[in-house]
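Novice: after the sequence you'll find the predicted model.
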Amino acid sequence: MKASPRRDALNHDAGARRAVLLGLSLLLLTGVLVMLGASVGSTGFESLRGMAIDPVAWQIVWDIRLPRTVGAWLAGALLGLAGAVAQGLFRNPLADPYLLGSASGAALGGALAMAWLGVSPVAAQWFALVGITGMAFFGAAGAVLLTLLLARGVQHSLRLLLAGVIVGVVLGAARDLVELASPDILQAMQAFTLGSTSFVGWNACVLMACAWGVCAAAAWGLARALDGLTLGEASARSLGLPLVPMRAGLIGVIALATGAAVAQTGLIAFVGLAAPHLVRSIVRVTHARHIQLSGLMGGVLLLAADVLARWLLAPQELPVGVLTAAIGGSYLLWRMHRRSRDGGFA
């Protein structure tokens with residue numbers, strides 16, 4: 001019995017070392033993928049080799065490839081972080097960042113912006129200032145607020161989940177109606193719903209980097225609530241944790257992270273769901289470290305998918321959301337099959 005505390009301490013130290021090693025490995029892999037992202041494109045490696053003497057090659061790499069590469073990593077990091085928070089908050093390993101209706105709200109906001117630009121002069125001026133990405137962000141934030149209103153706060157996780165599903169269905173139907181009324185936006189909306197990093201620029205990278213910094217700091221500070229919730233709500237309250245304000249803060253993290261990512265890259269599936277699972281399969285740590293590692297893993301996953309999307313059918317491209325759905329869905333099916341013998345999925 002005396003050896004038990006020492007064994008627990010050794011296990012904790014081993015887990016901490018594995019977490020640090022995983023974080024360093026993900027950062028190293030990020031660097032490799034960034035170099036690949038700067039090299040892959042319709043013009044191949046020639047643009048990279050000709051940067052020093054050809055201003056066109058410099059523009060291709062610096063103004064197109066690099067912001068797209070960095071933006072893909074940032075969007076994946078935001079989705080991975082939000083997925084880890086959602087799974088911890090709802091205590092459900094199948095929870096993803098879109099559960100609160102943010103995806104449907106972002107799609108509706110984007111559809112409205114596309115449909116109304118050029119229809120009404122007043123609307124055109126107003127939407128020109130906000131932009132399609134701004135409307136998508138406001139749509140995602142509005143959907144989360146509507147979910148909170150229907151759920152009457154953040155006290156009940158099950159009510160939040162049900163309200164998020166309802167809001168997602170209703171806003172999805174509203175988006176379909178907008179598309180039916182303005183069929184000329186169907187092609188653009190298809191690109192949005194499939195997900196794409198093609199139009200990410202440096203300004204979008206700055207916005208996503210700021211959002212990621214705020215969300216990562218807030219999630220680190222609020223991770224104690226997630227650790228407490230793993231013991232049950234009664235136990236968490238007995239520890240003196242202010243669950244209601246901490247839950248509200250965590251939902252704000254999910255809303256900001258998903259809204260910022262979806263507004264810039266569209267609806268990209270499975271990154272926020274698969275990244276926390278990959279981290280959990282490698283190392284078991286507290287939620288504070290798990291959230292940060294999931295963000296790094298999400299960035300690596302989406303950046304790798306983006307590089308593949310540009311390389312597989314070059315000079316043509318695949319929608320990156322199609323690759324993440326295919327790869328992420330296959331991975332989760334494999335995990336379910338592997339865990340089915342243990343009677344659970346984790």
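Specialist: Noted; the coordinates are in hand.
Novice: show me what counts as buried in the helix or strand encompassing residue 192.
Specialist: Counting by DSSP states H and E, the element that carries residue 192 is helix 186-194. When burial is assessed from 16 or more other C-beta atoms under 10 Å, helix 186-194 yields the following buried residues: 189, 192, 193, 194. In this view, the C-beta of every residue, glycine as well, is placed from N, C-alpha and C.
Novice: so residue 194 makes contact with residue 319?
Specialist: Yes - using C-beta atoms under 8 Å, residue 194 is in contact with residue 319, at 3.8 Å.
Novice: show me what the longest helix along the chain is packed against.
Specialist: Secondary structure of the chain per DSSP state H: the longest helix is helix 3-39. Under the contact criterion of 3 or more C-beta pairs under 8 Å, 6 or more residues apart in numbering; DSSP states H and E, helix 3-39 touches helix 66-89, helix 271-282, helix 287-311.
Novice: give me whichever of those is most buried.
Specialist: The highest average neighbour count among these, using mean count of other C-beta atoms under 10 Å, belongs to helix 66-89 at a mean of 29.
Novice: one step back: okay, the buried residues of helix 186-194 in TSV with distance to residue 157 and pLDDT next?
Specialist: Below are the buried residues of helix 186-194 laid out as TSV (distance: C-beta to C-beta, whole Å; pLDDT from 0 to 100):
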residue	distance to residue 157	pLDDT
189	32	85
192	30	84
193	28	85
194	31	86
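Novice: what's the burial count for the closest residue to residue 239 other than its chain neighbours?
Specialist: Spatial nearest neighbour of residue 239, excluding adjacent residues (C-beta to C-beta, 6 or more residues apart in numbering): residue 228 at 5.4 Å. By other C-beta atoms under 10 Å, the residues close to residue 228 number 20.
Novice: ok, residue 228 - contacts?
Specialist: The contact partners of residue 228, taken as C-beta atoms under 8 Å, 6 or more residues apart in numbering, are 235, 236, 239, 241, 243.
Novice: just residue 297 next, same as before
Specialist: 26, 80, 275, 276, 278, 279.
Novice: mind listing what's buried in the longest helix of the chain?
Specialist: 19, 22, 23, 26, 29, 30, 33, 34, 36, 37, 38, 39.
Novice: surely the first one meets residue 283?
Specialist: Yes - with the criterion set as C-beta under 8 Å, residue 19 and residue 283 qualify as a contacting pair; they are 5.2 Å apart.
Novice: overlap in contacts of those two?
Specialist: Joint contacts of residue 19 and residue 283 (C-beta under 8 Å, 6+ apart) are residue 293.
Novice: give me the pLDDT for residue 207.
Specialist: Residue 207 is assigned a pLDDT of 91 by the prediction.
Novice: my guess is it meets residue 261, correct?
Specialist: No - judged on C-beta under 8 Å, residue 207 makes no contact with residue 261 at a distance of 10.3 Å.
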